[in-house]
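Student: Okay, here's the prediction I keep looking at, along with the sequence it came from:
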Amino acid sequence: MAEQLALAGFALLLLGACPVPLAPTPEPSVPSQPQSAPSQPPADDSARSDSDDPCPHAEGDDAKRFEYSAFGPAAMSFELLGQAWWQWDAEGHAFEASGGSVWVVVHDGLNGDALATRFPVIQDAQCDQRYVSLPDARAYLQEHIDELDDPSVPELAGLRSELQRTMQAVDTHFSDR
């Protein structure tokens, strides 16, 4: 019984019933291990963002960009991604209210300089991009997919499906190399 109550409380937390962060917001992760040769953006412009997207990006075999929400609600993903507000905003205003997006860049082996060049954070353009290594993204997704696999709490099924779609997109993108 106590386990079911704990799961139900966790479900409410994940579904946004808790408006306050439960822990301090970590800084977005940038890989610290140097790369032997800096990665260059793809040569063709097909990997560039649409012209109406104020957030420039250059996806390639080694990086794919996702919306923040693809990793679940902020109450679940903030330890990996930071909170769901601009990383430069100390007051915690929601980014949706100002028409912007927070992006998550899953990458395989890119260093901080390559990420900042290909996926820049530009405050004036409300361009906020968080960098997550492929192993960290996969571990996070698998942990939460497994955690949400409880038929006694059907409210979690939709969230679990969303995380499974994200995992499939990650696996598909990085397995085609």
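Tutor: Arrived safely, thanks for sending.
Student: From here on, just use CA atoms for contacts and neighbour counts.
Tutor: Noted.
Student: Now do the longest helix seen in the chain, average pLDDT.
Tutor: Ranked by residue count under DSSP state H, the longest helix found in the chain is helix 157-175. What helix 157-175 shows for mean pLDDT is 96.
Student: Can you spell out which helices and strands pack onto it?
Tutor: helix 134-147 (3 or more CA pairs under 8 Å, 6 or more residues apart in numbering; DSSP states H and E).
Student: Taking helix 157-175 as reference, get the angle to the helix it packs on.
Tutor: On the basis of axes from the mean of the first three to the mean of the last three CA atoms, to 10 degrees, helix 134-147 is oriented at 150 degrees to helix 157-175.
Student: Give me the buried stretch members for helix 134-147, please.
Tutor: In terms of neighbour count (16 or more other CA atoms under 10 Å), helix 134-147 has its buried residues at 134, 137-138, 140-141, 144-145.
Student: what helices or strands is that helix leaning on?
Tutor: Secondary elements touching helix 134-147 (3+ CA pairs under 8 Å, 6+ apart): strand 101-107, helix 157-175.
Student: which of these sits most buried?
Tutor: Greatest average neighbour count among the helices and strands packed on helix 134-147 goes to strand 101-107 (a mean of 23), per mean count of other CA atoms under 10 Å.
Student: Can you list the strands that that strand pairs with?
Tutor: strand 63-67 (antiparallel), strand 127-133 (parallel) (DSSP bridges).
Student: List of residues touching it?
Tutor: 62-68, 81, 84-86, 95, 119, 126-134, 137, 170 (CA atoms under 8 Å, 6 or more residues apart in numbering).
Student: Buried only: go through the residues you listed for me.
Tutor: 62-66, 68, 81, 84-86, 95, 119, 126-134, 137, 170.
Student: where does the chain dip in pLDDT?
Tutor: 1-52, 92-100, 176-177 (pLDDT under 70).
Student: hmm, try it at 80
Tutor: 1-54, 84-85, 89-101, 176-177 (pLDDT under 80).
Student: Mind putting the helices and strands packed on helix 134-147 into a markdown table with distance to residue 58?
Tutor: As requested, these are arranged in a markdown table below (distance: least, CA to CA, whole Å):
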| stretch | distance to residue 58 |
| --- | --- |
| strand 101-107 | 10 |
| helix 157-175 | 14 |
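Student: right, so of those, which gets closest to residue 53?
Tutor: In terms of CA to CA, the element of the helices and strands packed on helix 134-147 nearest to residue 53 is strand 101-107, at 10.0 Å.
Student: follow-up on the earlier one: if we compare the helices and strands packed on helix 134-147, which one ends up closest to residue 72?
Tutor: helix 157-175 (6.8 Å).
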